[in-house]
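> missing the sequence, but the structure's below:
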């Protein structure tokens, strides 16, 4: 192996293997260490996540509305590779995936039963708060994070001819040193953030697949069965990576969207349709009205712990996901203008997400408020069972459960396969066709990391590592905004003479 050409691969892999080894040797020590690190970061830098994510949103809006909006992500003559429908479908699938299914019922129910201290739990006010903040956590802010990453990669790769790496975005700041030690450090941090972002999502998916199967099959869901699910699906997605069947991946992605739409329409039409529509309209209104205020509040006098447990975790999660999702979104957005890209990526997936939460969250609240269905209690006992408990009140509940499990499995496979490819590319100096060996290594590493963190600290262990990995990378992304602005200004001043 050429060490110089693989320095990012070697350093990042060794750093992650240290975490895995620590979990194997002493899961309790890893849990205590991650808990301490999480507490220190949240206590001292939690405000930084809020400010950074809000600035990403402001920067995205500025880029869309400024004179730079008509610049193409590619050469001036290039056309988009995908239709609007196909592009928007892939945006939605890449950006949300497993997490949206996992939290669609669970998050509104948790906020309803455990809101901040200034709101009484289990009241209509708590329900309104729950839906508003579910929208907030899955609305425009995560897409602004993805947009910043995607724009920078797409501009410097497709328009300036540099490798599709995070380090390439820093050319206006450090010049050719992107190919040296500073560039290596940036790419290593990107790999680290990506691994812990993706294992959080995969851990959530495995837990929910486990709960769904246990609700219709004669076995008891537990940690051991969750680890078996991770192992089995890891073999599937690594096999897909080795074979490299592009058509197979396309079929899975299209099937994913069709199943999701089928599930959504069934719940909308057979559920409390009027209630769902009222929840959607009312919560969108609340969201638009309160957006600025809730974007920058940490609830320092009451409810601060709630903000730390939820909003700060989400913002860190989106940031840690951004290298993986950003590279993917950049690759499917070549040929679109900056304005076209931002308006589509910011609005279309956000609207679909709002519909999703309104349908499943609204259906759950209709039952919980009207007949004390016990959905919130089920979520409190096991957060991964909320959606399946909701299904128990609908016709064809077992079919709906199996449909959701299939959807989760496909999301799991496609997300892990794509993440394995992106990690391999980032550690192969941006090669579009990275070696198969690296795909196997990263696939195994991602699966092992998810398993070790689940054993060490369960869901909380996964969340802590995502928050820790995202802290240095949020600072890198702020610098990326500056570099993109500087690159565009140079193009307009010296190449376009505008």
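Thanks, I have it. Quick caveat: nothing in here was measured; it's all calculated off a predicted structure.
> Helices of the stretch 101-250 of the chain, start to end?
Assigned by DSSP state H, counting those that start in this stretch, the stretch 101-250 of the chain shows helices spanning 124-138, 140-154, 171-174, 181-216, 223-243, 246-270.
> Reformat those as JSON lines; add mean pLDDT, distance to residue 22 and mean neighbour count.
Every C-beta, even on glycine, is put in place using the N, C-alpha and C of the backbone. Shown next, in JSON lines, are the helices of the stretch 101-250 of the chain (pLDDT from 0 to 100; distance: least, Cβ to Cβ, whole Å; neighbours: other Cβ atoms under 10 Å):
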{"stretch": "helix 124-138", "mean pLDDT": "95", "distance to residue 22": "30", "mean neighbour count": "22"}
{"stretch": "helix 140-154", "mean pLDDT": "94", "distance to residue 22": "29", "mean neighbour count": "26"}
{"stretch": "helix 171-174", "mean pLDDT": "92", "distance to residue 22": "33", "mean neighbour count": "17"}
{"stretch": "helix 181-216", "mean pLDDT": "81", "distance to residue 22": "14", "mean neighbour count": "24"}
{"stretch": "helix 223-243", "mean pLDDT": "76", "distance to residue 22": "18", "mean neighbour count": "17"}
{"stretch": "helix 246-270", "mean pLDDT": "77", "distance to residue 22": "34", "mean neighbour count": "15"}
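> Out of those helices, which is closest to residue 44?
Shortest distance between residue 44 and the helices of the stretch 101-250 of the chain, using Cβ to Cβ, is found for helix 181-216: 19.1 Å.
> and the angle from the lengthiest helix in the chain to helix 140-154?
Longest helix in the chain by number of residues (criterion: DSSP state H): helix 436-490. Compare the direction of helix 436-490 with that of helix 140-154 by axes from the mean of the first three to the mean of the last three Cα atoms, to 10 degrees and you get 90 degrees.
> helices or strands up against helix 436-490?
Using 3 or more Cβ pairs under 8 Å, 6 or more residues apart in numbering; DSSP states H and E as the contact test, the elements touching helix 436-490 are helix 7-25, helix 27-65, helix 140-154, helix 171-174, helix 181-216, helix 223-243, helix 311-332, helix 397-426.
> out of these, which comes closest to residue 452?
When the helices and strands packed on helix 436-490 are ranked by distance to residue 452, counting by Cβ to Cβ, first place goes to helix 7-25 at 3.5 Å.
> outside of that closest one, which residues touch it?
3, 29-30, 33, 184, 187-188, 191-192, 195, 426-429, 438, 441, 445, 448-449, 452-453, 455-456, 465 (Cβ atoms under 8 Å, 6 or more residues apart in numbering).
> Kindly report the same for stretch 299-309.
42, 46, 114, 115, 116, 117, 118, 297, 298.
> ok, the residue nearest to the third one when sequence neighbours are not counted - contacts?
The spatial neighbour of residue 114 that comes closest, neighbours along the chain excluded (Cβ to Cβ, 6 or more residues apart in numbering), is residue 121 at 6.3 Å. Neighbouring residues of residue 121 by Cβ under 8 Å, 6+ apart: 112, 113, 114, 115.
> Sketch out the low-pLDDT regions of the protein for me.
Residue ranges of the chain with pLDDT under 70: 1-5, 93-97, 219, 240-253, 303, 453, 456-463, 465-466, 497-498.
> Mind doing that once more with 50?
Along the chain, the model assigns pLDDT under 50 to residues 1, 4, 245.
> ok, residue 160 - contacts?
Residue 160 is in contact with 168, 171, 487, counting by Cβ under 8 Å, 6+ apart.
> now swap in residue 128 and tell me
Residues in contact with residue 128, defined by Cβ under 8 Å, 6+ apart, are 282, 283, 286.
> Please list only the buried members of these.
In the contacts of residue 128, burial by neighbour count holds for 283, 286, counting by 16 or more other Cβ atoms under 10 Å.
> Give me the subset of the contacts of residue 128 that lies in helices.
For these, membership in helices holds for 282, 283, 286, with DSSP H as the criterion.
> just those now: which is nearest residue 359?
Within the ones in helices among the contacts of residue 128, the smallest distance to residue 359 is 12.0 Å, found for residue 283 (Cβ to Cβ).
> With residue 126 as the reference, measure out to the closest one.
Between residue 283 and residue 126 the distance, using Cβ to Cβ, to the nearest Å, works out to 14 Å.
> picking up where we left off before, turn the contacts of residue 121 into a markdown table, columns for distance to residue 338 and neighbour count.
Supplementary listing: those in a markdown table, determined by distance: Cβ to Cβ, whole Å; neighbours: other Cβ atoms under 10 Å:
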| residue | distance to residue 338 | neighbour count |
| --- | --- | --- |
| 112 | 40 | 28 |
| 113 | 43 | 16 |
| 114 | 41 | 17 |
| 115 | 39 | 22 |
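> And those, which is closest to residue 37?
Each of the contacts of residue 121 was checked against residue 37 using Cβ to Cβ; the closest is residue 114, at 24.2 Å.
> Next one: that closest one from residue 361, what distance?
From residue 114 across to residue 361, the span is 15 Å (Cβ to Cβ).
> Residue 87 is in contact with residue 331, isn't it?
No. Residue 87 lies out of contact with residue 331 (Cβ atoms under 8 Å); the separation is 11.2 Å.
> The residue lying closest to residue 38 once chain neighbours are set aside: neighbour count?
The shortest distance from residue 38 to any residue other than its chain neighbours is 3.9 Å, reached at residue 464 (Cβ to Cβ, 6+ apart). Using other Cβ atoms under 10 Å, residue 464 has 28 neighbouring residues.
> ok, now which ones touch residue 464?
For residue 464, the contacting residues are 34, 35, 37, 38, 457, taking Cβ under 8 Å, 6+ apart as the criterion.
> cool, and residue 409?
Residue 409 makes contact with 209, 233 under the criterion Cβ under 8 Å, 6+ apart.
> 10 Å instead?
By Cβ atoms under 10 Å, 6 or more residues apart in numbering, the residues touching residue 409 are 98, 205, 206, 209, 212, 229, 232, 233, 236, 252, 256.
> same question, residue 470
By Cβ under 10 Å, 6+ apart, the contact list for residue 470 reads 41, 49, 52, 145, 192-193, 196-197, 312-313, 315-322, 477.
> now residue 77
Listed by Cβ under 10 Å, 6+ apart, the contact set of residue 77 reads residue 335.
> tell me the SS of it?
Secondary structure for residue 77, judged by DSSP: H, G, I helix; E, B strand; the rest coil, is coil.
> Next, give me the two most distant ones among the contacts of stretch 299-309.
Using Cβ to Cβ for every pair in the contacts of stretch 299-309, the one that comes out farthest apart is 42 and 118, at 19.9 Å.
> Show me which of these two is the more surrounded one.
When residue 42 and residue 118 are compared for neighbours, residue 42 comes out ahead with 23 against 11, by other Cβ under 10 Å.
> what helix or strand does the nearest residue to the more buried one once chain neighbours are set aside sit in?
Across the structure, with Cβ to Cβ, 6+ apart as the measure, the residue nearest residue 42 apart from its sequence neighbours is residue 308 (4.7 Å). Secondary structure here is read from DSSP states H and E; on that basis residue 308 sits in helix 304-309.
> Are there residues contacting both of residue 87 and residue 331? Which ones?
Both residue 87 and residue 331 are in contact with residue 81, where contact means Cβ under 10 Å, 6+ apart.
> circling back to that earlier point, now the contacts of helix 7-25: which count as buried?
Members of those that pass the buried threshold by neighbour count (16+ other Cβ under 10 Å) are listed as 30, 33, 184, 187-188, 191-192, 195, 426-429, 438, 441, 445, 448-449, 452-453, 455-456, 465.
> Thanks a lot, catch you later.
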